[in-house]
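> Take this sequence and fold it.
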Amino acid sequence: MLVKTYGSALFGVNALTITIEVNISAGNKYLMVGLPDNAVKESLQRVESAIQVSGYRMPRQKIVVNLAPADIRKEGSAYDLPIAIGILAASGQIPAEHLDKYFIMGELSLDGNIQPIKGALPIAIQAQQEQFTGFILPKQNVREAAIVHGLTAYGVENLAQVIRFFNQTETLEPTQVDTREEFMKNIGNYEHDFSDVKGQENIKRALEIAAAGGHNVILIGPPGAGKTMLAKRLPTILPPLNLHEALETTKIHSVAGKLSSADALMTVRPYRSPHHTISDVALVGGGMHPSPGEISLAHNGVLFLDELPEFKRTVLEVMRQPLEDRKVAISRARFSVEYPASFMLVASMNPCPCGFYNHPEKECVCAPGVVQKYLSKISGPLLDRIDLHVEVTPVNFSELASTREAEKSERIRARVIQARAIQDRRFADKNDLHYNAQMSPKMVRKVCQISDEGTALLKSAMERLGLSARAYDRILKVARTIADLDASETVELEHLAESINYRSLDREGWAG
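As a prediction, this is how the structure comes out:
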């Protein structure tokens with residue numbers, strides 16, 4: 001007897017419908033076809049044990065399982081449950097009449113319990129688009145599937161439950177999640193706050209500008225100056241995720257298996273801080289079984305690279321294209337997948353190996369030329385994509401001991417949201433342009449027009465401070481963001497002057 005059940009395969013951050021065809025006929029072989037990987041091939045042993053433990057019979061006949069379409073590679077153990085249900089239906093132990101209404105996914109343990117899967121949200125979206133009635137999946141993943149409207153999500157704990165459901169001897173309780181309520185419940189709920197940081201008002205100002213314009217930023221300063229502490233609090237001043245961004249971010253984390261069973265929807269902007277020993281594949285994504293890398297997990301949020309010169313040069317260089325295109329394409333001989341990667345890069349570094357170059361109190365002990373060699377680990381093309389270079393100085397004792405309460409993230413975030421609203425109106429007719437950092441050189445000339453006095457100031461600054469040519473557009477972009485924070489229609493002299501201050505690494509002789 002031939003029976004069909006339905007599941008899904010992940011392809012990038014989207015899903016494709018997979019038809020699991022099970023045919024039982026005379027003979028005594030188990031055959032798995034349709035380009036399965038080893039984890040899928042091994043499913044028949046798990047399925048056999050789970051069926052027997054659940055009190056049912058594994059047919060001793062020829063069983064052929066085909067995963068269609070047969071030209072797409074099937075990976076992972078999530079096909080165990082639809083294969084088991086297909087075998088039981090094909091052998092007449094459960095009715096097959098309602099199987100075409102449901103997506104079924106889940107990994108089986110030998111005792112029949114169902115283990116969680118990856119990518120429940122994109123699979124649920126695909127099931128809804130294909131107009132399936134329901135989605136039967138592990139209980140641990142059911143909340144993320146339940147946020148998809150028009151699809152009934154059933155969370156199950158073991159194979160016996162699913163069998164009784166199709167035998168109509170047990171009713172499964174659907175899980176319901178109010179997407180908007182879930183979205184609003186934890187929005188803006190952050191563990192950290194800018195009010196925790198004593199002093200460093202100029203650095204907070206720079207991060208406010210970075211958040212307002214979506215600019216990448218690098219913090220340069222000695223150990224213990226507060227670079228990491230400040231970077232951790234940057235997501236708290238970014239505008240809250242909108243519902244579309246929340247769904248997009250949740251899909252990526254769902255595919256990567258990073259969502260907890262309690263989470264239905266990500267409502268806080270992600271913050272990722274990989275160690276400097278990370279490989280280039282782990283950073284951008286890919287691998288033998290492609291999955292999103294750190295830059296995609298930071299999509300719509302912040303990627304923090306601490307001690308930037310300690311990262312391998314090849315790792316840093318692979319970020320150049322994603323920083324420009326806001327997405328990363330993983331191409332292999334048989335397939336090509338694309339992951340979104342629109343993130344704010346925040347990097348930190350010591351000014352030299354010992355950490356005390358330009359320190360106001362401690363003396364640098366690095367040999368001549370070592371500082372320049374240390375900074376040269378970061379390539380010019382990568383620095384070209386970082387708009388703000390901010391020098392972080394140590395906090396003195398009087399500021400640390402002060403009982404004066406610093407400004408809270410909430411107030412800074414309100415100013416950032418107002419500046420972003422101005423940019424939304426400015427770029428309303430541009431689908432791929434949302435904030436100032438994304439402007440092309442042509443758009444910079446159009447949007448960031450300055451007066452003759454401003455041109456003279458910029459020329460003087462570039463000549464006297466020895467600023468590089470790549471600093472020109474960056475200064476104008478940042479100045480435009482500062483003007484937006486001031487709700488100014490034009491870029492004034494004071495906006496340009498402040499912007500010029502944020503190009504430390506472009507100054508000739510900065511590193512001796």
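> Could you find the residue nearest the spatial middle of this structure?
Leu297 (2.3 Å; CA atoms, centre = their mean).
> my read: that one touches Leu259, true?
No - judged on CB atoms under 8 Å, Leu297 makes no contact with Leu259 at a distance of 11.2 Å. From N, CA and C alone the C-beta is placed, and that goes for glycine too.
> Which residues are in contact with each of these two?
Common neighbours of Leu297 and Leu259 (criterion: CB atoms under 8 Å, 6 or more residues apart in numbering): His253.
> quick one: pLDDT of Gly188?
Model confidence at Gly188, given as pLDDT, is 64.
> can you check Lys4 too?
Looking at Lys4, the pLDDT reads 96.
> end to end, how far does stretch 369-385 reach?
25 Å (CA to CA, to the nearest Å).
> any residues touching that stretch, and which ones?
Here stretch 369-385 has contacts from 216, 218, 308-309, 313, 316-317, 319-320, 323-324, 345, 349, 351-353, 357, 364, 366, 470, 505-506, 511-512, using CB under 8 Å, 6+ apart.
> Just the ones in strands from the residues you listed, please.
Among those, DSSP state E puts Ile218, Leu345, Met349 in strands.
> need those in CSV with neighbour count, pLDDT and distance to Ala483, can you?
Shown next, in CSV, are those (neighbours: other CB atoms under 10 Å; pLDDT from 0 to 100; distance: CB to CB, whole Å):
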residue, neighbour count, pLDDT, distance to Ala483
Ile218, 24, 93, 22
Leu345, 23, 95, 23
Met349, 23, 89, 29
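> Output those as CSV; include the columns distance to Val337.
Compiled in CSV, the ones in strands among the contacts of stretch 369-385 are given as follows (distance: CB to CB, whole Å):
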residue, distance to Val337
Ile218, 30
Leu345, 22
Met349, 32
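> quick one: which of those is nearest Arg413?
Nearest to Arg413 among the ones in strands among the contacts of stretch 369-385: Leu345, at 19.9 Å, using CB to CB.
> just to revisit the earlier point, check the contacts of stretch 369-385 for burial and list the buried ones.
The neighbour-count criterion (16 or more other CB atoms under 10 Å) marks 216, 218, 308-309, 316, 319, 323, 345, 349, 351-353, 357, 364, 366, 505-506, 511 among the contacts of stretch 369-385 as buried.
> Show me which residues of stretch 372-391 are buried.
The neighbour-count check on stretch 372-391 (16+ other CB under 10 Å) flags 374-375, 378, 382-391 as buried.
> For the longest strand along the chain, buried residues please.
Criterion DSSP E: the longest strand present in the chain is strand 14-25. Within strand 14-25, the residues that count as buried by 16+ other CB under 10 Å are Asn14, Ala15, Thr17, Ile18, Ile20, Glu21, Val22, Asn23, Ile24.
> Could you export the residues you listed as a markdown table, including distance to Leu465 and pLDDT?
Below are the buried residues of strand 14-25 laid out as a markdown table (distance: CB to CB, whole Å; pLDDT from 0 to 100):
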| residue | distance to Leu465 | pLDDT |
| --- | --- | --- |
| Asn14 | 48 | 90 |
| Ala15 | 53 | 93 |
| Thr17 | 59 | 95 |
| Ile18 | 60 | 96 |
| Ile20 | 66 | 96 |
| Glu21 | 70 | 96 |
| Val22 | 72 | 96 |
| Asn23 | 76 | 95 |
| Ile24 | 79 | 94 |
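> Name the residues of stretch 468-478 that are buried.
Quick answer for stretch 468-478 (16+ other CB under 10 Å): Ser468, Ala471, Tyr472, Asp473, Arg474, Ile475, Leu476, Lys477, Val478.
> er, stretch 488-501 I mean
Going by neighbour count (16+ other CB under 10 Å), the buried part of stretch 488-501 is Val491, Glu492, His495, Leu496, Glu498, Ser499, Ile500, Asn501.
> now stretch 249-265
Quick answer for stretch 249-265 (16+ other CB under 10 Å): 249-256, 258-259, 263-265.
> and if you look at stretch 202-221?
203-221.
> next one: stretch 222-233
Of the residues in stretch 222-233, those buried (16+ other CB under 10 Å) are Pro222, Ala225, Gly226, Lys227, Thr228, Leu230, Ala231, Lys232, Arg233.
> go on, stretch 100-108?
For stretch 100-108, by 16+ other CB under 10 Å, it's Tyr102, Phe103, Ile104, Met105, Gly106, Glu107, Leu108.
> same deal with stretch 45-53?
Arg46, Val47, Glu48, Ser49, Ala50, Ile51, Val53.
> Just give me how far whatever helix or strand the fifth one lives in sits from the chain centre.
Taking DSSP states H and E as the definition, Ala50 sits inside helix 43-53. In this view, helix 43-53 has its centroid 36 Å away from the chain centroid, taken as CA atoms, centre = their mean, to the nearest Å.
> Make sure Gly92 is indeed in a strand.
No - remark: Gly92 does not belong to a strand; assigned using DSSP: H, G, I helix; E, B strand; the rest coil, it is coil.
> any idea of the pLDDT on the closest residue to Lys41 other than its chain neighbours?
Leaving aside its chain neighbours, Lys41 sits nearest to Met32 (5.3 Å; criterion: CB to CB, 6 or more residues apart in numbering). What the model reports as pLDDT for Met32 is 93.
> How is Met32 assigned, secondary-structure-wise?
Going by three-state DSSP: Met32 is strand.
> That one contacts Gln45, correct?
No - here Met32 lies out of contact with Gln45, judged by CB under 8 Å, at a distance of 11.2 Å.
> so what sits against both of the two?
Counting by CB under 8 Å, 6+ apart, Met32 and Gln45 have no common neighbour.
> picking that back up, okay if I get the buried residues of stretch 100-108 as TSV plus secondary structure?
Listed next are the buried residues of stretch 100-108 as TSV, based on three-state DSSP:
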residue	secondary structure
Tyr102	strand
Phe103	strand
Ile104	strand
Met105	coil
Gly106	coil
Glu107	strand
Leu108	strand
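> between the residues you listed, which is nearest Gln168?
Once CB to CB is applied, the member of those that ends up nearest Gln168 is Tyr102, at 13.6 Å.
> which residue sits closest to the closest one, ignoring its sequence neighbours?
Tyr102 sits nearest to Gly134 (CB to CB, 6+ apart), 4.9 Å away.
> and the one you found, what does it touch?
If you count contacts by CB under 8 Å, 6+ apart, then Gly134 has Lys101, Tyr102, Phe103, Leu151, Thr152, Ala153, Tyr154, Pro174 around it.
> One more: Gly76?
With CB under 8 Å, 6+ apart, Gly76 has these contacts: Asp37, Ala39, Val40, Glu107, Ile117, Lys118, His289.
> Let me know the pLDDT of the first one.
Read that as Asp37. So Asp37 comes in at 90 (pLDDT).
> count of neighbours near Asn38?
Neighbours of Asn38 under the rule other CB atoms under 10 Å: 7.
> swap in Arg73?
For Arg73, the tally of surrounding residues (other CB under 10 Å) stands at 16.
> Ok, Arg426 next?
Arg426, neighbours per other CB under 10 Å, totals 18.
> What separation do you get for it and Val447?
Shown here: Arg426 relative to Val447, a distance of 7 Å by CB to CB, to the nearest Å.
> Check Phe356 too.
In terms of CB to CB, Phe356 sits 41 Å off from Val447.
> With Gly369 instead?
Taken as CB to CB, the span from Gly369 to Val447 is 41 Å.
> now do Val416
In terms of CB to CB, Val416 sits 19 Å off from Val447.
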